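Chemist: Sequence plus the predicted model coming up.
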Amino acid sequence: MESGYVTTPFGRRPMSLGMLASQQLAETIEPGMKRSKWKLFRAICEARPALGVTDRALTVLDALLTFYPDDEISEEKGLIVFPSNAQLSLRARGMTPATLRRHLAVLVEAGLILRKDSPNGKRYARRDRAGVIGEAFGFSIAPLLARAVEIEGLAAQAITDREMLRATRERLTVCRRDISKLISTAIDEAVPGDWEQMMMMFRAIVARIPRVASIEELASLLDEMGLLRDEAVNVLERHIKREKIDANESQIERHKQNSNPDSIYELEPSFETKQGEKAATNNEGIAEPPGDQKPRSLKTSAGMVGKVPAAAAPVSGPGLKSFPLGLVLQACPAILDYGPGGAIGNWRDLMSAAVVVRSMLGVSPSAYEEACAGMGPENAATVIACILERGGHINSPGGYLRDLTRRTERGEFAIGPMLMALVRANGPAARHVG
C-alpha cells in the first residue's frame, strides 16, 4: 500500500488544485504517527460542520474505514483501501452505486481521502510471493492521518461551542422566565413603574429569537434581556426599600406617641380637615353619637366590660386617629364572628379577625401590609371590618383598600364618616357586641 506520489483521476474525472494540495499534505505525515481510526472518525463526526461533509458522506467514510485491517492508522501498515463497489455498498447500508460515487466525491473535495486510481480505474493490490502487498490502487486515507491534529482541534472546538450554546440557551430561558414573572408580580402587586412599556420591550426581544441561532446571536439577546431583568429587579428592590422605610417611620411615630404621657387617646375623636373631610359645624356633636347609638359594653373572656387593656391601646397611622373599639364593633358587628372564640375583647383580637377576613375577601397580603403601614394596624383592621360590613356593595375589596390607603397618604380619607354611616345603618337593631 503506497501513497508516495502524485496521481491523477481515471477517466473523465478532472484533476483540481484542491486534490493536488491534499496529496501534498498527505506527504507531511510525521514518522511514527499513529491514530485510532475509530477515535479519529468520532472526531470527524464532531467537526462535521467545520469540515463541510454531510452525514451520508460520513456513512461512506465509516464503511471505508472498516476495510482498513488494523484499529490504528499508520504509514507503516499502509494507507490504501481497495474495496469493490459491491462490498462498499454493502457496508454503507445498501447505498446505491450512484449515491456512493456522489458521497465519495464529497469526501475527496473535503480533503479527507484521496483517489489513487489504477491504469484501468479498478481497485486492487499486487502482492509478492510472500503475500505482502507491494502496490495498491483505491482510496488513500493518508489525509486523515496528516490532518489528525487539525481534526482533533476542530472537534474540541465544536464540543466547546456546543456546550457554550447549550449553556447560553439555558441562561436565556431562565432570564426570559425571570422577566416574565417579575413583571407579572409587579403588575399584580400594583408596584409603581412603567411595566407595560417593559413588557413591550420584553416581547420585542423574544420575537427576535431565531429558531436556529448561533452563540453570537444568543449572547447578544441575553445581554439585552439581562439589562431588562436588572431594571425590573432594581425597581422592585427600590419599592421594597420604600415600604420598609415607611414602615419604620410609622413605627417611630407610634413609639413617640406611646412614649408621650400627655398623648391620651380620647374615647370619642374629633374630626379634623387634615383627615380629608371638611370640619363639621359642631365637632362635639359628631364626636358623641346619639344616646341610643353609644358603644355597648364589650364582652370578653376575662369579664372586662367596655374597656380596652392598656397593652392593646390603639395606635393610629399617619394622618388618622383611631376610634374606640366599642364604636368600631357597634358599627361593624359582623366582624365579631371571626374573633377568637366568636368574641372580640381587645384590639389584638380585632386585628387577628381582620387577617382572617382579609384572606376571605381576597385582599392580597401586600395590599393589607400597605394599609397597615399607611393607616396603622388598628385603623387597617377597622377598615377591613367596614369592608366586611359593606361586602355586598364593594366589587373589589383589594382594590378598594389600596385606594383608601393612597387617599390616606394624601390626607384625603377619614375613617369617622364611614363608621358613623354604618352606626346609623345598623340603628337600634344593631346586635349586641360580643
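Modeler: Looks like it came in fine.

Chemist: From residue 102, how far off is the closest residue to residue 51 other than its chain neighbours?
Modeler: Closest residue to residue 51 apart from its sequence neighbours, by C-beta to C-beta, 6 or more residues apart in numbering: residue 110 at 5.5 Å. C-beta coordinates here come from the backbone N, C-alpha and C atoms, glycine included. Note on residue 110: its distance to residue 102, by C-beta to C-beta, to the nearest Å, is 13 Å.

Chemist: Give me the more crowded residue out of those two.
Modeler: Of the pair residue 110 and residue 102, residue 110 is the one with more neighbours under other C-beta atoms under 10 Å, namely 19 against 15.

Chemist: contacting residues for that one?
Modeler: 51-53, 57 (C-beta atoms under 8 Å, 6 or more residues apart in numbering).

Chemist: possible to save those as a markdown table with secondary structure and neighbour count?
Modeler: Formatted as a markdown table, these follow (DSSP: H, G, I helix; E, B strand; the rest coil; neighbours: other C-beta atoms under 10 Å):
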| residue | secondary structure | neighbour count |
| --- | --- | --- |
| 51 | helix | 22 |
| 52 | coil | 13 |
| 53 | coil | 22 |
| 57 | helix | 23 |
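
Chemist: what's the pLDDT at the residue nearest to residue 51?
Modeler: Looking at residue 110, its pLDDT is 89.

Chemist: Then residue 419?
Modeler: At residue 419, pLDDT is 85.

Chemist: next one: residue 57
Modeler: For residue 57, the predicted pLDDT is 94.

Chemist: Could you double-check that it sits in contact with residue 101?
Modeler: No: here residue 57 does not reach residue 101: they are 11.7 Å apart, not a contact under C-beta atoms under 8 Å.

Chemist: can you tell me the helix or strand for residue 353?
Modeler: Element membership of residue 353, judged by DSSP states H and E, is helix 347-361.

Chemist: Give me the distance from whichever helix or strand comes after that helix to the chain's centre.
Modeler: The helix or strand immediately downstream of helix 347-361 is helix 365-375, counting by DSSP H and E. Averaged C-alpha coordinates place helix 365-375 at 28 Å from its chain's average position (C-alpha atoms, centre = their mean, to the nearest Å).

Chemist: all helices of the stretch 151-300 of the chain, in order?
Modeler: 195-207, 215-259, 283-287 (DSSP state H, counting those that start in this stretch).

Chemist: The stretch 301-434 of the chain now?
Modeler: Using DSSP H, counting those that start in this stretch, helices in the stretch 301-434 of the chain cover 325-331, 347-361, 365-375, 377-389, 397-409, 415-426.

Chemist: who does the fifth one touch, helix- and strand-wise?
Modeler: Here helix 397-409 touches helix 365-375, helix 377-389, going by 3 or more C-beta pairs under 8 Å, 6 or more residues apart in numbering; DSSP states H and E.

Chemist: what does the shortest one give?
Modeler: Contacting helix 325-331 under the criterion 3+ C-beta pairs under 8 Å, 6+ apart are the following elements: helix 347-361, helix 377-389, helix 415-426.

Chemist: As a markdown table, those helices with distance to residue 151 and mean neighbour count would be great.
Modeler: What follows is the helices and strands packed on helix 325-331, written out as a markdown table (distance: least, C-beta to C-beta, whole Å; neighbours: other C-beta atoms under 10 Å):
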| stretch | distance to residue 151 | mean neighbour count |
| --- | --- | --- |
| helix 347-361 | 66 | 20 |
| helix 377-389 | 72 | 26 |
| helix 415-426 | 81 | 18 |
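
Chemist: Include distance to residue 90 when you put these into CSV, please.
Modeler: Listed next are these as CSV, based on distance: least, C-beta to C-beta, whole Å:
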stretch, distance to residue 90
helix 347-361, 75
helix 377-389, 84
helix 415-426, 93
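
Chemist: hang on, the earlier thing: starting at the chain centroid, how far to the helix holding residue 353?
Modeler: For helix 347-361, the distance to the chain centre is 35 Å (C-alpha atoms, centre = their mean).

Chemist: Look up how far residue 110 lies from residue 48.
Modeler: Counting by C-beta to C-beta, the gap from residue 48 to residue 110 is 10 Å.

Chemist: Repeat that for residue 354.
Modeler: Here the distance between residue 354 and residue 110 works out to 77 Å (C-beta to C-beta).

Chemist: Same question for residue 62.
Modeler: 15 Å.

Chemist: now swap in residue 125 and tell me
Modeler: 25 Å.

Chemist: Could you do residue 360 as well?
Modeler: Taking C-beta to C-beta, one finds residue 360 at 73 Å from residue 110.

Chemist: Longest strand in this protein, please.
Modeler: Criterion DSSP state E: the longest strand present in the chain is strand 133-140.

Chemist: Tell me which other helices or strands that strand touches.
Modeler: strand 80-81, strand 114-116, strand 124-127.

Chemist: mind listing what the second one pairs with, with the direction of each?
Modeler: So the one you mean is strand 114-116. Strand 114-116 has its sheet partners listed here by DSSP bridges as strand 133-140 (antiparallel).

Chemist: Select, out of the helices and strands packed on helix 325-331, the one closest to residue 222.
Modeler: Relative to residue 222, the nearest member of the helices and strands packed on helix 325-331 by C-beta to C-beta is helix 347-361, separated by 40.1 Å.

Chemist: average pLDDT for that closest one?
Modeler: Averaged across helix 347-361, the pLDDT comes to 91.
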